[in-house]
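Asks: Using only what follows, build the 3D model:
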Amino acid sequence: MLLRIRSRDGLERLTVENPHATVAQLKALIQTNLRIPLENQTLSTNQNLLLAKSADDLTRFTDMASPNTPLSALNIAHGSIVFLAYEGERTVAGPNFHPAGSFGRKMTMDDLIAKQMKVTRQETPHCELVSFDRDCANAFQHYVNDTLAFAVKRGGFMYGTVSEEGKVEVDFIYEPPQQGTEENLTFFRDPEEEKAVEAIALGLGMRKVGFIFTQSVGQDTKDYTLSNREVLQAAEFHAESGLKEWVTAMVKLEVNEDGAADVHFEAFQMSDMCIRLFKEGWFETEIGEDQDPKLSKMKKDVVVGVKDVREVDNDFFLVVVKIFDHQGPLSSTFPVENRISPVTLRALKTHMDRAKSLPYVKRIADFHLMLLLARFLDVNADVPALAECVRTQSAIPEGYQLLIESMANSS
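Replies: Sure thing, here's the model as predicted:
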């Protein structure tokens, strides 16, 4: 049978003659054919092996740890992909070279550029970690889990702060007008609404720090971390931000050991090389239906390992970021914008009545509520001023209180 071996060097093929081969025999073939010593190999059917950063990370992948396990017992058959991590360096056989004349092949300008475009893994993110406000993360995942059932994709922009050490804290998520399908997520960005979002963030002392999206359950059967469409979209928003600590977060359902589904958050940065390739227009942006979603197509050759290729495994573009959580300064109980049910002033009255016992500044300390108020306030003066009261936890001026009460009572 023919097996595909995916490592940090890309995809290589290996023929296994014995239909009853074991893990040990596969490792011996890898040693012979791919020149990687047995003791340096870690094998798994789990693609996340390629994202492992340390020896401790590697020990979590135990499905192929026993040398005597038959490959058939692991559902490895003709055409299967086996993921390989290894220590050390090796030389990967490149394409045959045919000199064109006595001084060798002439190098074109494109050849020279491709040699400079060497795609390697970026080991260290610019962002030390990302911490999510528990309530805002829960409000996002609760909607995609309970209402959308992860059947279609959903996304938003994350806002918060960036510390000098590169620690990103996410305190609210803005969900633009959008259309999600099983494979695609399209934002219909509203410049006026985004202006109000930025005004609120300014008053709160926050800024846009990342992009968050969900993968649909239909994508769960695919053997990739991010699809080529997701890489393009993440790279676009990252490049647009100009923020080196920009974070891309993904939310998906994962089946746990008990067979139940858990909501799972993962965070990445797109690598510096990925953003450079995107900005310089190297990515093929038209993606055909028959294209392998785990590979990103380039318009020109780039170097991966020692090979000139036009397709790059998406995992090369991902730099894993650690995830933490915290209790931020805002609540997340007000209805969220641009979902199935429009947000009305009746929601404002309900919310203000429910929070009657709290100080007034606490009652309005919710980004989604402030975004509704921004529709009726001066975006350049009133909106940042109101948000600044929330940031400093100072008394809301009586004029604003009267305005908010009249809005709530007009519903």
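
Asks: what helix or strand is the residue nearest to P397 when sequence neighbours are not counted on?
Replies: Spatial nearest neighbour of P397, chain neighbours left out: C389 (7.7 Å); criterion: C-beta to C-beta, 6 or more residues apart in numbering. C-beta coordinates here come from the backbone N, C-alpha and C atoms, glycine included. Remark: C389 resides in helix 382-392, with elements defined by DSSP states H and E.

Asks: That helix: which residues count as buried?
Replies: By neighbour count on 16 or more other C-beta atoms under 10 Å, the buried set for helix 382-392 is 382-387, 389-391.

Asks: what does stretch 69-78 give?
Replies: In stretch 69-78, counting by 16+ other C-beta under 10 Å, buried: 69, 71, 74, 76.

Asks: closest to T333 among those residues?
Replies: Proximity of these to T333 (C-beta to C-beta) peaks at L74, which lies at 46.6 Å.

Asks: list the contacts for that closest one?
Replies: With contact taken as C-beta atoms under 8 Å, 6 or more residues apart in numbering, L74 is in contact with 23, 45, 63-64.

Asks: Show me how the record splits the chain into domains.
Replies: Following automatic domain parsing, one gets these domains for the chain: 2-86, 129-326, 345-409.

Asks: Need the distance between the two termini of the longest one.
Replies: To tie it back to what came earlier, the one meant is domain 129-326. Separation of the first and last residues of domain 129-326 by C-alpha to C-alpha, to the nearest Å is 12 Å.

Asks: partners of the host helix or strand of F157, with directions?
Replies: F157 belongs to strand 155-162 when assigned by DSSP H and E. If you go by DSSP bridges, strand 155-162 pairs up with strand 167-174 (antiparallel), strand 207-214 (antiparallel).

Asks: Which residues in the last one does the neighbour count mark as buried?
Replies: This means strand 207-214. 208-214.

Asks: Please apply the same query to the first one.
Replies: Of all the residues in strand 167-174, those buried under the rule 16+ other C-beta under 10 Å are 167-174.

Asks: for these, which one is nearest V16?
Replies: Nearest to V16 among the buried residues of strand 167-174 is V168, at 44.9 Å by C-beta to C-beta.

Asks: Quick check: that closest one touching V209?
Replies: Yes. Using C-beta atoms under 8 Å, V168 is in contact with V209, at 5.1 Å.

Asks: Overlap in contacts, those two.
Replies: Joint contacts of V168 and V209 (C-beta under 8 Å, 6+ apart) are 160-162, 245, 247.

Asks: most neighbours, which of those?
Replies: Among those, the one with the most neighbours (other C-beta atoms under 10 Å) is V247, at 29 neighbours.

Asks: residue ranges of the strands in the stretch 1-150 of the chain, please?
Replies: Per DSSP state E, counting those that start in this stretch, the stretch 1-150 of the chain carries strands over the ranges 2-7, 10-15, 41-44, 81-86, 129-133.

Asks: Against which helices or strands is the shortest one packed?
Replies: Meaning strand 41-44. On a contact count with 3 or more C-beta pairs under 8 Å, 6 or more residues apart in numbering; DSSP states H and E, strand 41-44 meets helix 23-34, strand 81-86.

Asks: Just the residues contacting the longest one, thanks.
Replies: It refers to helix 23-34. Residues from elsewhere that reach helix 23-34 (C-beta under 8 Å, 6+ apart): 3, 5, 12, 14, 16, 18, 36-38, 41, 43, 64, 66-69, 71, 74, 82, 84, 90.

Asks: among the residues you listed, which ones are buried?
Replies: Among these, those classed as buried by 16+ other C-beta under 10 Å are 3, 5, 12, 14, 16, 36, 41, 43, 64, 69, 71, 74, 82, 84.

Asks: Next one: the closest residue to the third one other than its chain neighbours relative to Q269, how far apart?
Replies: The shortest distance from E12 to any residue other than its chain neighbours is 5.0 Å, reached at I5 (C-beta to C-beta, 6+ apart). Applying C-beta to C-beta, to the nearest Å, one obtains 27 Å for the distance of I5 from Q269.

Asks: Then R375?
Replies: Remark: distance between R375 and Q269 (C-beta to C-beta) = 34 Å.

Asks: more crowded one of these two?
Replies: A direct count of neighbours by other C-beta under 10 Å for R375 and Q269 places Q269 higher, at 27 against 14.

Asks: my guess is A139 meets F334, correct?
Replies: No. Counting by C-beta under 8 Å, A139 stays clear of F334, with 9.3 Å between them.

Asks: Who has more neighbours out of the two?
Replies: F334 (23 against 20).

Asks: That one touches L373, doesn't it?
Replies: No. In this structure, F334 is not within contact of L373 by C-beta under 8 Å, at 10.4 Å.

Asks: circling back to that earlier point, highest mean neighbour count out of the domains of the chain?
Replies: Here the criterion is mean neighbour count by mean count of other C-beta atoms under 10 Å, and of the domains of the chain the winner is domain 129-326, at a mean of 18.

Asks: Distance from the chain centre to that one, please.
Replies: 3 Å (C-alpha atoms, centre = their mean, to the nearest Å).

Asks: same check, this time on stretch 127-136
Replies: On C-alpha atoms, centre = their mean, the centre of stretch 127-136 falls 14 Å from that of its chain.

Asks: How about stretch 315-329?
Replies: 9 Å.

Asks: so where is this structure shaky, pLDDT-wise?
Replies: Applying pLDDT under 70 to the chain flags residues 91-116, 220-221, 411.

Asks: the helices in the stretch 1-150 of the chain, which residues?
Replies: 23-34, 55-58, 109-116, 134-142 (DSSP state H, counting those that start in this stretch).

Asks: Please apply the same query to the stretch 301-411 of the chain.
Replies: Counting by DSSP H, counting those that start in this stretch, the helices of the stretch 301-411 of the chain are 345-354, 360-363, 367-374, 382-392, 398-409.

Asks: got JSON lines for the ones you listed, with distance to Q122 too?
Replies: Shown next, in JSON lines, are the helices of the stretch 301-411 of the chain (distance: least, C-beta to C-beta, whole Å):
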{"stretch": "helix 345-354", "distance to Q122": "44"}
{"stretch": "helix 360-363", "distance to Q122": "42"}
{"stretch": "helix 367-374", "distance to Q122": "32"}
{"stretch": "helix 382-392", "distance to Q122": "35"}
{"stretch": "helix 398-409", "distance to Q122": "47"}
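
Asks: No further questions, thank you.
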